[in-house]
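Visitor: I would like to see how this sequence folds:
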Amino acid sequence: MSVLYLHFESPERDGRVQKLARSGAHIIVSEPRWPGFFEQAKKEKPYAIAVDFSHAPSHALETADYLAKAKETREASFFLLRVPEDRLEAVKKRLPQAALVTEPELSERLARAEKEAVQRALEKKEAAAAARKLAREKKKAEQPGAVARIPAKAAVKPKKPAASVKKAVKKPAAAPKKKPAAKKKAARKHHPKKK
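Guide: Below you'll find the model as predicted:
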């Protein structure tokens, strides 16, 4: 999991990146210049994108707006840093899903996101291990003459019978159809009666 941090090259950029990296997040740094930032975003697939508005705020706004609408990155969380007062209204209008944050707030959110990601990864790992163990137990049980213990959690419970069972009602058999009278008369003409 990674965070894409878009900030123009400047003396303060390295210090800001180091502060964000203390959160435990993997920070990928790029400048908000086309097509570099977009190629980086497609390659890394970040879960969060942070755009710093301290240099060229109009350019930063266009970059953030593009990434927020792009198919590859629109699901990411967006964080905007150092948005100037005169750009706040435009930013809120064009990027309503983005959070305006300070560096300490962003570090805190990234640290929380990293802990949640680690917890989810651990849960997935444990679930995969349990599934593998269950598959091994089932495979052992399928072998002739082998007795395997299937964990109680994985045991299949028998289905309960339906509360009311309706008995099938038999319909009386239909009487065979009779030949029409005209056919009977015609049949009598050709076949004389036996005496």
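
Visitor: Figure out the helix or strand that the spatially most central residue of the chain lives in.
Guide: Centrality entry for the chain: nearest residue to the mean C-alpha point is E75, 11.2 Å, by C-alpha atoms, centre = their mean. Using DSSP states H and E, E75 maps to neither a helix nor a strand.

Visitor: do you know how far it is from F37?
Guide: Using C-beta to C-beta, to the nearest Å, one obtains 17 Å as the distance from E75 to F37. Where you see a C-beta, it was placed from the backbone N, CA and C, and this is true even at glycine.

Visitor: Also A113?
Guide: Relative to F37, A113 is positioned 21 Å away (C-beta to C-beta).

Visitor: Show me which of these two is the more surrounded one.
Guide: F37 (21 against 18; other C-beta atoms under 10 Å).

Visitor: Check which residues of the biggest helix by length in the chain are buried.
Guide: Secondary structure of the chain per DSSP state H: the longest helix is helix 103-142. Within helix 103-142, the residues that qualify as buried are E103, L106, S107, R109, L110, A113, E114, counting by 16 or more other C-beta atoms under 10 Å.

Visitor: ok, now which ones touch the closest residue to R22 other than its chain neighbours?
Guide: Closest residue to R22 in three dimensions, ignoring its sequence neighbours and counting by C-beta to C-beta, 6 or more residues apart in numbering: S107, at 6.6 Å. Neighbour list for S107: K19, L20, R22, S23 [criterion: C-beta atoms under 8 Å, 6 or more residues apart in numbering].

Visitor: hey, where'd the strands end up in this structure?
Guide: For the chain, strands defined by DSSP state E occupy the ranges 2-6, 26-30, 48-52, 77-81, 99-101.

Visitor: Tell me the helices and strands packed up against the fourth one.
Guide: Spelled out, that is strand 77-81. Packed against strand 77-81 by the contact rule (3 or more C-beta pairs under 8 Å, 6 or more residues apart in numbering; DSSP states H and E) you find strand 48-52, helix 57-69, strand 99-101, helix 103-142.
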